[in-house]
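Engineer: Okay, structure incoming, though there's no sequence with it:
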């Protein structure tokens, strides 16, 4: 397996899509040196976007987090999140009623900006569920798992409503060695138990890449897919999703895929990045 | 679909295996009239056993519950539970160390009677996990879901130990219209996230029926499978399991399978009971 | 469940996407009267596209088939097929080597127009497989199943190449009561056995709808999703895919979903069309 | 990972269960030296049985194959095959009608010894399917895949009959580097397409081990599970099945699990053999 320096690759593209967690940051904060990468991109006129399976906050708050850590150039319009796709879905398909959600009040706020009424499953009375017009899985925090996941199952048995999952990840890292179940993992369990079919937003789904692609073009970015690069740490979301959309792809070894496992996983899963790099850092 | 009176069937067998929930009892207590069935069985010299995917208590406590409700003839040795199989597994395969569990102290008590040391995941410190020799999913109560399921996942990432699931059900009824997630449903989610393979005990697994069959023979029951009947309310556990073991099977309509859905489900799933009866009650 | 006449719905949209099989045609040919629908659309200035999981031929041949049956207005640029997406993928991601395929020579022809070299698995010698740069599942005909599916499995064990499935359907109708396994069904079996992850094109995948949407806009169609309607006969592809992309959807009862099953399936799967119509025929 | 000589283990048990393929033989014939193992067992009064997911022939023919290769002591009553379990099922549950099968005439012969009438799917006319009382997946040879698998699907759509799969393996080795799809792999595809639930016989299912265990006891073998050893080359069938049944287990490295992958697979799947040995050969 050849390891290529990211610097030797980045200059060949006009637009770069970055995954967030495992590429730009980890549980401790920004990946050390990643600020140089953004300086290099700006100096070389390379556009970039951050594509993230994160629906815990809106794009403004997600951008603010990077800015507070020193990446001043990452503004709201550089962010493409699965939550944005879910919000767009609700805008087109759910025009009335109340949207029930599993997550924090902060995660629901971004939906409320549509003018839709929302209610946390924690506050829902199942006897008054007729007005509920959709259910959204937003975040793994903000509710009591035992009580409110059971309540969710009974809501879905009582009313037939569209159910949206805003994060396809099953788990996420919380420290060097530990993970936590993501809302996508909880949604899989609920879907299996109720036997219904949920609508999912997030990588590797093509809709995520197209959203970013159109977003990029709308901001003056290049339309030629040969000139767009996807950089991620996870074969089953970032790399297969980028490949399927027709982009060149870089697997970095700073997140989910450790250097010692990369070659074995690429071969056993048949998901083949165009390049493998130590990291997305440009010294 | 022909509905046959249970009375016209029961007399043709020497031993009858009953599922518990949905057949003998429901969320309100015993199915009204079921005591007549047991009187009929005793008057006609028909042996019987209760085969249940319940590991929340030992067989003594499970029997006691029937006795308190008036079914005095249901003693400890009439009960065959998935918990008994799990206990047998631990007896043969886990001879030292501490067994971690998800469930109530009551559910763990039955394992402790083996002489094995146990610890609730709730009380476990992941930094001192080297002594843990197995993990058992016992009951959906007795722990904090968010905290302790995440802790379970990190335990399984840190140590390579056999993991036992004592109840294959994904959910169970808690009222006329509501269900709750069973420990088997939680175990499925954890197994999917950690990517390991768990050991499951419970119907429809053949081991459950063989355990009952041997139990029955040891108590003087008949060995001829043509003379043993399995009665259950669930096609995917009771009926397919009984069929596969070579028994005649009765689907009753007092539990998971409603009268209006029975024919459609039998045809769409291809799981075919020998008979369909309104209930297991003999007037 | 309300049944709405299609005529009362169609006039409210500017663009209509139609599924092909079960909506416009069935095993006997065109659905009787469907030519009136296209006359209505043209008279009312409503644009339309046919979105089909069919990679057995290129769009030119697919259009020709409608024309020969009398639908003269259905030209090549009205067709959006999963084969077109697969071809686009190969164009961006596979620039050299030989593409191996399962299918007829006719199905491969459309790929060859890219300038790529192709070889049927039937003609492939596994000893000379180093030059194979991708594998494509195109059609269920044109090869010997036993011999060539086994050869496909051994090819994927020997070389690590991207594998593309051009049709997500598992089966397709061949007469009033019989079906045949589609190439998507065979691909699922191979993927499960080799343990690799394939790239799939076809409804319900969002990429299919976006391809049609962009195609439509490029031809002067409307961009407002509220004015685009998706019409299909299958909940799990046409309807959930259209819903997820933000379109209004019509389930017709002339194909996979029979009138007697529609309500039960909508409720049990939780996939909810905006409307249900007897057919897409406008008298 | 410690590698233990098989000789130092074997002597501690009173009965040993062996998997066949990958343990006693491979695509070239008997594993060289395996005859010494059987000499050792006989000299030390250790009983043994061969437990195999093979329904292509009856136990008499399976035994004959070993005898022709020089293992004279392997007689019919040393063989426990998944085909024997399937035959027992048919004996109890299918008392009339004709049993349709996919496989060779030789594989069906063993079922015919029950007195049941059989018909190959290849010879079946779907218009006269009312008399078919069960379907059995026996062997991957003896029929035309494209034609007869499609016919099987349409049979299962037309009549509601129990369907039995006599081999849970998805593939089997045919040379040093190549495999072929087993009848279990074909059955998985058919089950997924028709949406029905099949009855499967074969390891890791407990029924297989219990059948062997009772067989062994009936021949005078020991009942104490602590004194029975299971030897296999596949974690997901032999080892997890043996573990679950309460036996000590040996993983050998002469078949499906190569030495270089063994430790990684044991850790990633969480299926833990009691011992790992180079082979079952005793020098």
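Structural biologist: Now that the structure is in, tell me what you want to look at. All figures in this text were calculated on a predicted structure; none of them were measured in a lab.

Engineer: avg pLDDT for stretch A:135-143?
Structural biologist: For stretch A:135-143, the mean pLDDT works out to 97.

Engineer: what about that stretch, how long is it end to end?
Structural biologist: Its first and final residues considered, stretch A:135-143 spans 15 Å by C-alpha to C-alpha, to the nearest Å.

Engineer: ok, is it in contact with chain C or not?
Structural biologist: No: against chain C, stretch A:135-143 shows no contacts by C-beta under 8 Å from any C-beta of the partner chain, the least distance being 9.8 Å. To be clear about C-beta, it is placed using only N, CA and C from the backbone, and glycine gets the same treatment.

Engineer: where's the residue nearest to the spatial centre of chain A relative to residue D:85, distance?
Structural biologist: Closest to where the C-alpha atoms of chain A average out (C-alpha atoms, centre = their mean) is residue A:53, at 1.1 Å. Counting by C-beta to C-beta, to the nearest Å, the separation of residue A:53 from residue D:85 is 45 Å.

Engineer: same thing with residue A:66?
Structural biologist: 61 Å.

Engineer: Among these two, which residue is more densely surrounded?
Structural biologist: The neighbour comparison of residue A:66 against residue D:85 (other C-beta atoms under 10 Å in any protein chain shown) goes to residue D:85, with 25 against 22.

Engineer: okay, now the residue nearest to residue A:268 when sequence neighbours are not counted: neighbour count?
Structural biologist: In this structure, residue A:268 finds its nearest non-sequential neighbour in residue C:195, 6.5 Å apart by C-beta to C-beta, 6 or more residues apart in numbering or on different chains. Residue C:195 is flanked by 11 other residues according to other C-beta under 10 Å.

Engineer: now residue A:172
Structural biologist: What residue A:172 shows, counting by other C-beta under 10 Å, is a neighbour count of 20.

Engineer: helix or strand for it, which one?
Structural biologist: Assigned by DSSP states H and E, residue A:172 belongs to strand A:171-173.

Engineer: does chain D sit close to that strand?
Structural biologist: No: counting by C-beta under 8 Å from any C-beta, chain D is not contacted by strand A:171-173; separation bottoms out at 15.6 Å.

Engineer: Confirm for me that residue A:269 is in contact with residue C:194.
Structural biologist: No: under the criterion of C-beta atoms under 8 Å, residue A:269 is not in contact with residue C:194, lying 10.2 Å apart.

Engineer: Now stretch A:109-117: average pLDDT?
Structural biologist: 92.

Engineer: Equivalent analysis for stretch A:235-253, please.
Structural biologist: For stretch A:235-253, mean pLDDT is 97.

Engineer: Comparing residue A:269 and residue C:194, which shows the higher neighbour count?
Structural biologist: residue C:194 (21 against 16).

Engineer: Pull the contacting residues for that one.
Structural biologist: Residue C:194 makes contact with A:270, C:153, C:156-157 under the criterion C-beta atoms under 8 Å, 6 or more residues apart in numbering or on different chains.

Engineer: if we go to 10 Å?
Structural biologist: Shown in contact with residue C:194 (C-beta atoms under 10 Å, 6 or more residues apart in numbering or on different chains): A:268, A:270, C:152-157, C:163, D:170-171, D:179.

Engineer: how near is residue A:31 to residue C:193?
Structural biologist: Counting by C-beta to C-beta, the gap from residue A:31 to residue C:193 is 39 Å.

Engineer: same check, this time on residue A:73
Structural biologist: For residue A:73 relative to residue C:193 (C-beta to C-beta), the value is 48 Å.

Engineer: which ones among the contacts of residue C:194 are found in helices?
Structural biologist: Cross-referencing the contacts of residue C:194 against helices under DSSP state H gives A:268, C:152-157.

Engineer: OK, contacts around residue A:82?
Structural biologist: A:51-55, A:164-169, A:184, A:200-203, A:205, A:207-208, A:211.

Engineer: got the contact list for the residue in the stretch 101-250 of chain A positioned nearest to chain D?
Structural biologist: Taking C-beta to the nearest C-beta, chain D has its nearest neighbour within the stretch 101-250 of chain A at residue A:195, 12.5 Å off. Applying C-beta under 10 Å, 6+ apart, we find residue A:195 in contact with A:156-157, B:170, C:268-270.

Engineer: could you dump the residues you listed to JSON lines with pLDDT?
Structural biologist: Converted to JSON lines, the contacts of residue A:195 look like this (pLDDT from 0 to 100):
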{"residue": "A:156", "pLDDT": "97"}
{"residue": "A:157", "pLDDT": "95"}
{"residue": "B:170", "pLDDT": "95"}
{"residue": "C:268", "pLDDT": "93"}
{"residue": "C:269", "pLDDT": "96"}
{"residue": "C:270", "pLDDT": "97"}
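
Engineer: Many thanks, have a good one.
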